[in-house]
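>>> Predicted model, plus sequence, below.
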Amino acid sequence: MKSPFDKYPEYGFGHGRLLENFQSIERDDFKDFLSHHQGHQLEDLKIIEDSFVSEKAYSEPINTSFFRATNGKEKFVIKKYRERIDEPLKYESVPGDYCLKCIAVEIQSEEILKQLGREIKPPLSRHKIDAFLKLMGAIVEDIDIKDLERIPEESHCPLEVYHKIDDVRIMFLLRNCHHIFKGQEYLAMEEFIHRHKDDGVMLLKATYKIQVTQMAKTRERSTPPALPFEKEKIFGKK
């Protein structure tokens, strides 16, 4: 992908990693790209905005990411990745599209356990906490994540998304909490649930995976010898 940084030098240490061996190596990434793809058909692909998704945190250097691009007629999924920190990014284009498929919905058991220990005094018995977590787990079993409101909660992993339990299930949870907690314990749990249901440990965590759907490639078209390299994002393919 052509960028303003293509001609920035690479810095590093030579033999022995001594300061006097520190060196600057001239680079021209776009020139290397053209040399590498000499004789290949080139096609101008425009990136589709807001289509970027990553398997790990966006700041993670060893990562696999995907985004959509188009040539005006077909859509492509661009896979961007590197396998080692000291190698350049690689790109692969696949005719098709991708979707995010939910593979798991779970409660934040460990986070709930820790938060209860911090907030509820005197502390609840582990037997009652386990019963509460089991009750929450039963509510989640038959839930359709598409019916729940997504919360823009910060996550270390882009494929982990948090959702708010709907009011009907909250009422069901509170009603059944009467079988576990009595008196002041129930009142404390009721306040705890309402306090954390919108942006805290009572949110459900949905885990997604990136699913790429490949489409049959259309027939190759002849391409003009010159493309507007200066302003466009270009990918090479064999």
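Noted; the coordinates are in hand.
>>> now residue 124: how far from residue 184?
Residue 124 sits 11 Å away from residue 184, going by Cβ to Cβ, to the nearest Å. (Glycine included, C-beta is placed from N, CA and C.)
>>> neighbour-wise, which of those two wins?
Higher neighbour count among residue 124 and residue 184: residue 124, with 21 against 10, using other Cβ atoms under 10 Å.
>>> and that one, what does it touch?
With contact taken as Cβ atoms under 8 Å, 6 or more residues apart in numbering, residue 124 is in contact with 116, 181, 185.
>>> go again using 10 Å as the cut-off
Counting by Cβ atoms under 10 Å, 6 or more residues apart in numbering, residue 124 makes contact with 113, 116, 117, 130, 131, 132, 180, 181, 185, 188, 189, 192.
>>> Ok, residue 155 next?
Counted by Cβ under 10 Å, 6+ apart, residue 155 has contacts 57, 161, 162, 205.
>>> Wait, residue 125 touches residue 131, no?
Yes: using Cβ atoms under 10 Å, residue 125 is in contact with residue 131, at 9.4 Å.
>>> Those two: which has the busier surroundings?
residue 131 (17 against 10).
>>> Grab the longest helix from the chain for me.
Criterion DSSP state H: the longest helix present in the chain is helix 126-141.
>>> for the record, mean pLDDT for the helix or strand following it?
Going down the chain from helix 126-141, the next helix or strand is strand 149-151, by DSSP states H and E. Here strand 149-151 scores 91 as its mean pLDDT.
>>> what does strand 149-151 contact?
Contacts for strand 149-151 (Cβ under 10 Å, 6+ apart): 161, 162, 163, 164, 165, 166, 198, 199, 200, 203, 204, 206.
>>> Write the ChimeraX selection for whichever of those are buried.
In ChimeraX syntax, the buried subset of the contacts of strand 149-151 is picked out as below (16 or more other Cβ atoms under 10 Å):
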select :161,162,163,164,165,200,203,204,206
